[in-house]
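>>> Predicted model, plus sequence, below.
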Amino acid sequence: MNPYHARRPRMRGERYLKFRCTECGNCCSDTIVPVTDEDVRRLAAGMGLKAADVATLYRESDFDDKGEGLQFANLEGGRRTLGLLKRQDRANGREACRFFVGDRCSAYAHRPVTCRVWPFTLGFDASGRRVSSLSINPALPCPYELDGRNTVAELAADWRWDDRQDAAWAAKVSAWNRAHSTGTRDEFFAFLGLA
Ligand code: SF4
Ligand code: SF4
């Protein structure tokens, strides 16, 4: 048999395996990075910070798309979700993630899973096991180059990690909302084990 025919089926968007980030900073600036309690715990532990120094609560109206697809908890003043704290970047005047320092992620080893997955979108076949498509999320301008190297295995592992973490986060927010029609930030953080 011609060994060519024994190769795995082609994946749509396979060229994006050559994606290389040009470090423009767009995905770390001028946007809210939504996170889960697990992200906050990992970042806080890794950076030696308190949870309140890592993330804060955002309203639906803080997001351009009203936080579509995000989980919101019933809290004092309305529904809120967790996102990374932001700060004003004095160098370029942009509002940036608090960990974006000197045009770099100062928390790279501990960064949220969503930052690890960005800007890829993965599609899977009917079995859910094989990655069948790869694309670049168009939500933000991302001036990438195609001279890098990424593996399907690594991308799929991060994507599945993100899925598992999101599911656990959704379950916790649902449990909070079933038991609480309102609450303070401190009560919510304590419920999440972030106090
Ligand atoms: S944690 Fe790092 S990668 Fe994620 S938005 Fe902040 S600076 Fe960017
Ligand atoms: S927007 Fe794209 S090119 Fe710019 S820093 Fe983020 S991943 Fe890299």
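Sure, I can see it. Numbering: from 1, shown residues only. Ligands and ions are numbered 1, 2, ... in the order given.
>>> contacts and neighbour counts: CA atoms only from here.
OK.
>>> Okay, and the residue nearest in space to the middle of the chain sits in which element?
Nearest to the mean C-alpha position of the chain, counting by Cα atoms, centre = their mean, stands residue 114 at 1.8 Å. Assigned by DSSP states H and E, residue 114 belongs to helix 113-117.
>>> Whether the helix or strand just after that helix contacts ligand 1 - can you check?
Next helix or strand after helix 113-117 toward the C-terminus (DSSP H and E): strand 120-124. No. Judged by Cα under 6 Å from any ligand atom, strand 120-124 stays clear of ligand 1, getting no closer than 13.8 Å.
>>> Quick one: name the residues of this protein near ligand 2.
So the chain meets ligand 2 at 21-27, 119, 141-144 (Cα under 6 Å from any ligand atom).
>>> Now stretch 187-195: buried residues?
Buried residues in stretch 187-195, defined by neighbour count with 16 or more other Cα atoms under 10 Å: 188, 192, 194.
>>> which one is the second one nearest to, not counting chain neighbours?
Computed as Cα to Cα, 6 or more residues apart in numbering, the closest residue to residue 192 that is not its neighbour in sequence is residue 37, at 6.6 Å.
>>> Next, the angle strand 120-124 makes with the lengthiest helix in the chain.
Ranked by residue count under DSSP state H, the longest helix found in the chain is helix 152-179. Counting by axes from the mean of the first three to the mean of the last three Cα atoms, to 10 degrees, helix 152-179 lies at 90 degrees to strand 120-124.
>>> And the contacts of the helix holding residue 114?
Here helix 113-117 makes contact (Cα atoms under 8 Å, 6 or more residues apart in numbering) with 34-35, 39, 155, 158-159, 161-162.
>>> you'd agree the residue nearest to residue 192 is up against residue 190?
No. Assessed by Cα atoms under 8 Å, residue 37 is found out of contact with residue 190, at 10.9 Å.
>>> got the contact list for residue 51?
So residue 51 contacts 40-41, 44, 194-195 (Cα under 8 Å, 6+ apart).
>>> which intervals of the protein have sub-threshold pLDDT?
1-9 (pLDDT under 70).
>>> Which residues of the protein lie near ligand 1?
28, 97, 99-100, 105, 107-108, 111, 115.
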